[in-house]
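Trainee: Structure here, sequence nowhere to be found:
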């Protein structure tokens, strides 16, 4: 057990409920309040059951966890799982319905960068205003002013009203202020969703910096790569409850398994109802890591196999398997057939339940959802075609990222050989000037 | 390392909650910056800028002088009618603008409410306090006008800050009720201008309070602006006798409104970010 004084955040049995009526029908009018008040009284007089119960949204239910000082904790979950509500409770923006939270030290939040920026004010004025809103003292802002401006890279426009800023400049300035807040506990929500690659790198760099200085960070994001890289520990929320709380890699993997809507293994036991025709009936299609079974996670650096099993009903057919692989954008990544056909295929008395396996090497496909279409060809004729044979997700990994956590482009992501040398007759750079 | 680190405890609050003036004090720098923002933005966005602070009461005074002073021959306690009206309009404009801005302040700052923690009271307080700058500008004009009419200044003027505070407390007290209600019911934004209009006639601005029968005056002074306006006229123009009793009644009414408003506001505070 850790000593109690090293706990930065202690969350005990926190619940938060929203009354749905108040949120959906956003601005109730006085008249409605009066009439519904009358209706409520009337209901209370006529019946004694509380029909209000179904209009209550349980955004958080009995959440408990501790965060040690200096720990970077990630929070993941689908939209509406309660991640943002949890951060808002910690930031004291939203009051919990039940439970108790203890925070040790000053808390700063990046729930939305640029909160309180005013369009009419200049960059300089907004730095002071925003700093004050985020809880910085005037002296603190004065001290860090130059640093903030330098970080934001908007020196030239610092005395221009921010309404004339590009969205990129605006964002950089906003983040710069927030990044120079030095709280003991920092809440971060999805800042990475915005900005260009270079800026994202800068933000992540700043966050790692903060983490290195022994500060506690709570980080909410949909970016699982950033999650794994930044966080020691991850909490996975679903419908307001904690599903799993543990080392980031394990929790993220579990989460990804649960959200992949793909079916990486399909089987048909009865040839009579299985997809097929008079030549062939499907028995099974699977995608599995070479060292695992169907359903195990596949990353860009996992070698995996695609298996097709089918009954050959016509013993005389010379069937050749053909596989199309499409990525999420619908691009055909490849269409392959075996280069050498197994000799037994030529024989009419060969086995009737056939398994064809296609081996896909590691470090070849890019990450994302992939679909496989399966065909059997005889001569130049396609005798069987199955459009949605199987689908699977290739997960990203952390290779050569250097704090850039965006999507790697391209249909494939091969490992290719590179070679660097000094070109012999290039001459010196100065000679060409 | 953390022995001296502040520990914050977050728990659901129940029912009527304490006002927590201490929290307000800790956030005084934010209060200062919000006032500064409101003032700055107001003068940046408008074409005439600070001139509005003068024009608003001045033009109203001209209109009142023509219709009530000249045409209706409203009595004005022996003071030239324009001066009589303007003395009242300067604190009144401060009050009316403060009340209106405070009532809309939470809705106008809803992005802040949804994202950052600070005592919510800071917002309506800054909305009212920002009007002090406008008041100061209009007051300088008032002094000029008094000099123009040859009205001598007296030591009674030392009471003016207290009277301004009374106007501020009144604007804030009523503004807090409306600001909190406005979050829940947007009807309030239509109620406030109407209320301000009616309130103008319930206050001795176009007419002297001497028109109100003696025995009704105490009741009349429950409207705190009666005390403010009467006080201003007495302190600057020397009309009538010291309106002490009236100001006392007004003061009590204003403080009761403010305390009630603060408790109501604090009670509603926890629902703001759920609803706004």
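Mentor: Arrived safely. Being a predicted model, the structure only gives us computed values, none of them experimental.

Trainee: isn't residue A:106 right up against residue A:135?
Mentor: Yes - counting by Cβ atoms under 8 Å, residue A:106 touches residue A:135, with 7.0 Å between them. (C-beta placed from N, C-alpha, C; glycine too.)

Trainee: Compare neighbour counts for those two and give me the winner.
Mentor: residue A:135 (20 against 17; other Cβ atoms under 10 Å in any protein chain shown).

Trainee: Now the more buried one: closest residue in space that isn't a chain neighbour?
Mentor: residue A:108 (6.4 Å; Cβ to Cβ, 6 or more residues apart in numbering or on different chains).

Trainee: for the helix or strand encompassing that neighbour, packing partners?
Mentor: Here residue A:108 sits within strand A:107-110, counting by DSSP states H and E. Judged by 3 or more Cβ pairs under 8 Å, 6 or more residues apart in numbering or on different chains; DSSP states H and E, strand A:107-110 is in contact with helix A:83-90, helix A:167-179, strand A:185-189.

Trainee: mind showing which ranges of the stretch 101-250 of chain B have poor pLDDT?
Mentor: Across the stretch 101-250 of chain B, the ranges flagged by pLDDT under 70 are B:240-242.

Trainee: about what we covered before: who touches both of residue A:106 and residue A:135?
Mentor: By the contact definition Cβ atoms under 8 Å, 6 or more residues apart in numbering or on different chains, residue A:106 and residue A:135 are jointly contacted by residue A:183.

Trainee: what about the helices in the stretch 51-200 of chain A?
Mentor: A:83-90, A:123-133, A:138-152, A:167-179, A:197-212 (DSSP state H, counting those that start in this stretch).

Trainee: Could you do chain B as well?
Mentor: Assigned by DSSP state H, chain B shows helices spanning B:21-26, B:28-45, B:51-64, B:81-108, B:110-115, B:122-129, B:131-148, B:160-184, B:188-201, B:217-220, B:224-237, B:244-275.

Trainee: Who are the packing partners of the shortest one?
Mentor: The helices and strands touching helix B:217-220, judged by 3+ Cβ pairs under 8 Å, 6+ apart, are helix B:244-275.

Trainee: quick one: the helix it packs on to helix B:160-184, angle?
Mentor: 30 degrees (axes from the mean of the first three to the mean of the last three Cα atoms, to 10 degrees).

Trainee: what does the stretch 201-350 of chain A have sitting close to chain B?
Mentor: residue A:214 (Cβ under 8 Å from any Cβ of the partner chain).

Trainee: quick one: residue B:5 and residue A:99, what's the gap?
Mentor: Using Cβ to Cβ, to the nearest Å, one gets 22 Å for the distance from residue B:5 to residue A:99.

Trainee: tally of neighbours for the residue nearest to residue A:102 when sequence neighbours are not counted?
Mentor: Nearest residue to residue A:102, sequence neighbours excluded (Cβ to Cβ, 6+ apart): residue A:10, at 4.3 Å. Residues near residue A:10, counting by other Cβ under 10 Å, number 17.

Trainee: For burial, what's the neighbour tally of the closest residue to residue B:159 other than its chain neighbours?
Mentor: Sequence neighbours aside, residue B:235 is the residue nearest to residue B:159 in space, at 5.0 Å (criterion: Cβ to Cβ, 6+ apart). Burial of residue B:235 is recorded as 22 neighbouring residues (other Cβ under 10 Å).

Trainee: Would you confirm that residue B:235 contacts residue B:162?
Mentor: No - with contact defined as Cβ under 8 Å, residue B:235 does not reach residue B:162; the gap is 9.5 Å.

Trainee: where does residue A:316 land in three-state SS?
Mentor: coil (DSSP: H, G, I helix; E, B strand; the rest coil).

Trainee: next one: phi and psi at it?
Mentor: Main-chain dihedrals, residue A:316, degrees, to the nearest 10: phi -90, psi -10.

Trainee: Who are the contact partners of residue B:200?
Mentor: B:92, B:96.

Trainee: Actually, residue A:374.
Mentor: Residue A:374 sits in contact with A:285, A:308, A:321, A:322, A:323, A:324, A:384, A:385, A:386, A:389, A:390, where contact means Cβ under 8 Å, 6+ apart.

Trainee: cool, residue A:290 as well?
Mentor: Residues near residue A:290 by Cβ under 8 Å, 6+ apart: A:302, A:303, A:304, A:305, A:359.

Trainee: any weak-confidence spans in chain A?
Mentor: A:1-5, A:20-55, A:111-113, A:190-197, A:199-200, A:259-262, A:342-351, A:398-407, A:425-433.

Trainee: burial of the residue nearest to residue A:135, as a residue count?
Mentor: The burial count for residue A:108: 23, using other Cβ under 10 Å.

Trainee: my read: it touches residue A:187, true?
Mentor: Yes - contact criterion Cβ under 8 Å: residue A:108 and residue A:187 qualify, at 7.2 Å.

Trainee: what does the stretch 1-150 of chain B put close to chain A?
Mentor: B:1-3, B:5-13, B:29-30, B:32-34, B:36-37, B:40-41, B:44-45, B:111-118.

Trainee: isn't residue B:226 right next to residue B:205, touching?
Mentor: No - at 9.9 Å, residue B:226 and residue B:205 do not qualify as touching, with contact defined as Cβ under 8 Å.

Trainee: ok and the residue in the stretch 101-250 of chain B nearest chain A?
Mentor: residue B:117 (3.7 Å; Cβ to the nearest Cβ).

Trainee: Now that residue. Nearest residue, chain neighbours left out?
Mentor: residue A:92 (3.7 Å).

Trainee: Residues of the stretch 151-276 of chain B that sit close to chain A?
Mentor: Residues of the stretch 151-276 of chain B lying near chain A (Cβ under 8 Å from any Cβ): B:184, B:185, B:186, B:187, B:270, B:271, B:273, B:274, B:275.

Trainee: Could you pull up phi and psi at the third one?
Mentor: Note on residue B:186: backbone dihedrals following degrees, to the nearest 10 are phi -70, psi 0.

Trainee: how near is it to residue B:120?
Mentor: Counting by Cβ to Cβ - residue B:186 and residue B:120 are separated by 18 Å.

Trainee: Looking at the two, which one has more neighbours?
Mentor: More crowded of residue B:186 and residue B:120, by other Cβ under 10 Å: residue B:120, with 25 against 15.

Trainee: quick one: that one and residue B:106 touch, right?
Mentor: Yes - using Cβ under 8 Å, residue B:120 is in contact with residue B:106, at 7.2 Å.

Trainee: Leaving out the residues flanking it, which one is nearest to residue 122?
Mentor: No chain was given, so I picked chain A. residue A:159 (5.0 Å).

Trainee: wrong one, chain B
Mentor: residue B:31 (5.0 Å).

Trainee: Equivalent analysis for residue B:231, please.
Mentor: residue B:163 (4.3 Å).

Trainee: and the one you found, how many neighbours?
Mentor: With other Cβ under 10 Å as criterion, residue B:163 counts 22.

Trainee: so it makes contact with residue B:235?
Mentor: Yes - between residue B:163 and residue B:235 there is a contact under Cβ under 8 Å: 6.9 Å.
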